[in-house]
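J.: Can you look at this prediction? I've put the sequence above it.
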Amino acid sequence: MDCDVGHVPRADLATVGALARAALNARRQGERLRVVNASPGLHSLIELAGLGGALLGRGQGEAEEREEALRVEERGEARDPSA
């Protein structure tokens, strides 16, 4: 579903937050929200917030490259005060 934001007079982080919440609500309904006609300023803020893929439709169908979390194993006695 497209969300036309061409009429938004001023881009700010509150706008990006509202769009992110709308996208989340759309996903909960089984839809995908895509922002269209964003001003250059709003487009930049969306990218800065790291939401380009979620809101601008970038990378759909492509797996994101993520680093695997490091796993730390701790060993020690349960009664050892230094652990």
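T.: Okay, I see it.

J.: switch to C-alpha atoms for all contacts and neighbour counts from now on
T.: OK.

J.: hey, which helix is longest across the chain?
T.: helix 13-28 (DSSP state H).

J.: thought residue 57 was touching residue 36?
T.: No. Under the criterion of CA atoms under 8 Å, residue 57 makes no contact with residue 36, lying 9.3 Å away.

J.: for residue 7, what are its contacts?
T.: By CA atoms under 8 Å, 6 or more residues apart in numbering, residue 7 lies in contact with nothing.

J.: Mind doing that once more with 10 Å?
T.: Listed by CA atoms under 10 Å, 6 or more residues apart in numbering, the contact partners of residue 7 are 37-39.

J.: do residue 31 as well
T.: Residue 31 makes contact with 1, 23-25 under the criterion CA under 10 Å, 6+ apart.

J.: and what of residue 9?
T.: Per CA under 10 Å, 6+ apart, neighbours of residue 9: 39, 42.

J.: name the element it belongs to?
T.: Here residue 9 is covered by no helix or strand, with elements defined by DSSP states H and E.

J.: For it, give me the pLDDT.
T.: We have a pLDDT of 86 for residue 9.

J.: please begin residue numbering at 56 from this point
T.: Sure thing, new numbering starts at 56, so read that last one as residue 64.

J.: Could you check how far residue 56 is from residue 96?
T.: Distance of residue 56 to residue 96, given as CA to CA, to the nearest Å: 22 Å.

J.: same deal with residue 76?
T.: From residue 76 to residue 96 the distance is 19 Å (CA to CA).

J.: Low-confidence regions, this protein specifically.
T.: Filtered on pLDDT under 70, the chain yields the residue ranges 113-138.

J.: can you give me the helices in it?
T.: Going by DSSP H, the chain shows helices at 68-83, 95-103, 107-110.
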